[in-house]
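Undergrad: all I have is the shape, not the residue letters:
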């Protein structure tokens, strides 16, 4: 049971880190293949409320 | 087979283009009753009769094709370039029934580009109230077009627009005004030099800074067979063009458009006189602001406390129900605490946007823009800078983009640089929790100190933006100045649907946009706070137990036990329980409380020697002079990604190892500094609020500033200047107040 709990924790941690890297560190051009993001920060849900 | 056509929605600002776009495409772009909502083109699809499918483009508002700003150039360059993939098969010019004369100026210009053009007259529901009557059939003949009379508020006339677009091939593309009449001799020469090009398009390229393929401005200027005119002569010809167009428009409207001016006057004019008055205007605006901030505090405190308690209960429930282990701890201390740090602020954010949306919808916001223009001018800002500065109370990102409506580069750059000082909604959670902790609950003249503090913070942010603008205006050596023109929309009762939509969208964007970041950071912080590599961390239990054995419990733990006993004794006596029974209960209670206090001391020791504790301790010397401990230091550091993570970070840090069913506020209030005083006291609280008021803590804003200025120089300048300034102000405030 303890092992399962550890696995779950590391899985969620990896997801959280991956999301933060995607959000702040990865260049936008890499994510959108060089194209302009059609849902970028000009819109409300830009992650900065 | 369905046919795809391009449709461009064009019009003066604030004519309801975005509303028409939303109703045609079923999309939900933000709609406002003040100009500058659309600063770049938006796209959508609309199914039309007879199997025609339209690709609809909502272009930024423009008063004419004589461009003065970046967003207006976008419109002209698209309309001039037939090779553009978005070049319209049909242009739909949206006009406002009350300002038809001015709106028709743009219409005639577009018609002269020989693009099939439809005229949409919006806000038709106001016609009877304003005493307006029109002969649509005669107007269609005079303008050589088809007209749709529409009321987007009532959803009327949209089908007619769809019919007309589907039938676009039957529209006339003949010009309204013959361009040669501007200067027959000059246009004759132009035609000879470029026989295959459209004269009016060439004229637009000659008179302004736009280009279109294959003819570019330089191409015309370099043509040896054609001598162009001087700038002054071209300006004169532009004026002549304006006169010709208005002659045509007046002639058209004289026979087709009637206004009963007696009915048109009255309420709006009187209200404008008061709301834009030199003294009363500001006074009314100030009272409105006060009411908003008072309401945010008074109305939202109940749902806020309720949410806080529910999350504390949920955390407790998880710990008691799930099998003990690291995953249960992560759920209870990391995820639930993190989500709690987001959800708790929903009521305040919803109330703030409820009021902002009501002001926008009613038309009052444009009066504020006009009113503020008087204040802006001495500081080197345009009146148009007010739109970004007010939008900045929601989020600096769309606000920075809204600066595109400012024609003058210097004014635009200054506005971009100072906009992040205005209090955005991400700062609100930080302010609210700190105000609740350090500002007393008393009132003065019926207004609570807490609401007044919040309003003061908004004013400080705004004041700092203006002050910085003044300094930048002196430092930046760029000469030029632009004219200020703002649309004064009619007052209207806010549409409940639009208000509800704005409130819902803004709240959703906070919860799902910012919330994801807060949750991810909470999870990472929980992990870093629950693990460590040092021997102190691994042997925490032994070390703390040895220390308690030798020195006894810490002052914090002793206070904690004593406060609980006192509270119990007071309640028990009030309930009439016999003193000897109370004494027995206290004895067994003391044992339990001591065990909890010991567990808490072990958890605190572990946290202090965890990864995050080590990092925080290394960072502490930098924030200590501001009155913060290493835990606040970590919260400040993580806030540089996005400032709204502050509360979530502290909630997570304080939850690690906690067995108590406590709210975020209680945990923060219970923190003591090294001298045994509350850590969040007036001095450190004010210092923190000032730091957050001035620091540049939003990576998304920095990215958008880079995009808008096309250089890393300005965002880095912003980051450096604002952060250093914030540090110094926070330092001075703490040192004075301590």
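TA: Yep, it's here. Note that this is a predicted model, so its numbers are computed, not measured.

Undergrad: how far does stretch B:301-311 sit from its chain's centre?
TA: 26 Å (CA atoms, centre = their mean, to the nearest Å).

Undergrad: in it, what's buried?
TA: Across stretch B:301-311, burial judged by 16 or more other CB atoms under 10 Å in any protein chain shown covers B:301, B:304, B:307-308, B:311. Backbone N, C-alpha and C define where each C-beta goes, glycine included.

Undergrad: how about stretch B:50-69?
TA: Those buried within stretch B:50-69 under the rule 16+ other CB under 10 Å are B:52, B:54-69.

Undergrad: quick revisit: so which one among the buried residues of stretch B:301-311 has the lowest pLDDT?
TA: The lowest pLDDT within the buried residues of stretch B:301-311 belongs to residue B:301, which sits at 76.

Undergrad: helices or strands up against the longest strand seen in chain B?
TA: For chain B, the strand with the greatest residue count under DSSP state E is strand B:3-11. Packing partners of strand B:3-11 (3 or more CB pairs under 8 Å, 6 or more residues apart in numbering or on different chains; DSSP states H and E): helix B:17-25, strand B:52-58, helix B:70-80, strand B:90-96, helix B:100-111.

Undergrad: quick one, what contacts the nearest residue to residue B:89 once chain neighbours are set aside?
TA: Counting by CB to CB, 6 or more residues apart in numbering or on different chains, residue B:89 lies nearest to residue B:5, which is 4.3 Å off, once chain neighbours are set aside. With contact taken as CB atoms under 8 Å, 6 or more residues apart in numbering or on different chains, residue B:5 is in contact with B:52-55, B:89-90, B:165, B:168.

Undergrad: dump those residues to CSV, plus pLDDT.
TA: Below are the contacts of residue B:5 laid out as CSV (pLDDT from 0 to 100):
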residue, pLDDT
B:52, 83
B:53, 88
B:54, 88
B:55, 89
B:89, 91
B:90, 92
B:165, 90
B:168, 85
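
Undergrad: out of those, which comes closest to residue B:194?
TA: Nearest to residue B:194 among the contacts of residue B:5, counting by CB to CB, is residue B:89 at 24.4 Å.

Undergrad: thought that closest one was touching residue B:168?
TA: Yes. When contacts are counted by CB atoms under 8 Å, residue B:89 is listed as touching residue B:168 (6.2 Å).

Undergrad: ranking helices and strands of the chain by mean pLDDT, which lands last?
TA: I'll assume chain A. Least confident element among the helices and strands of chain A, by mean pLDDT, DSSP states H and E: helix A:28-31 (a mean of 56).

Undergrad: that's the other chain; I wanted chain B
TA: helix B:261-264 (a mean of 56).

Undergrad: packing partners for the helix or strand just after that one?
TA: Later in the chain than helix B:261-264, the nearest helix or strand by DSSP states H and E is helix B:267-275. Here helix B:267-275 is seen to pack against helix B:280-321, helix B:364-376 when contacts are counted using 3+ CB pairs under 8 Å, 6+ apart.

Undergrad: now do helix B:267-275 and helix B:364-376, the angle between them.
TA: Using axes from the mean of the first three to the mean of the last three CA atoms, to 10 degrees, the inter-axis angle of helix B:267-275 relative to helix B:364-376 is 40 degrees.

Undergrad: helix/strand/coil for residue B:118?
TA: strand (DSSP: H, G, I helix; E, B strand; the rest coil).

Undergrad: would you reformat the buried residues of stretch B:301-311 as TSV and include distance to residue B:389?
TA: As requested, the buried residues of stretch B:301-311 are exported to TSV (distance: CB to CB, whole Å):
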residue	distance to residue B:389
B:301	29
B:304	28
B:307	31
B:308	33
B:311	35
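
Undergrad: coming back round to it: between residue B:89 and residue B:168, which contacts overlap?
TA: B:5, B:116.

Undergrad: who has more neighbours, those two?
TA: Each of residue B:89 and residue B:168 has its neighbours counted (other CB atoms under 10 Å in any protein chain shown); residue B:168 has more, 23 against 19.

Undergrad: can you verify my assumption that the more buried one contacts residue B:88?
TA: No. At 9.5 Å, residue B:168 does not count as touching residue B:88 under the criterion of CB under 8 Å.

Undergrad: low-confidence ranges in chain A?
TA: A:27-49 (pLDDT under 70).

Undergrad: understood, closing this out.
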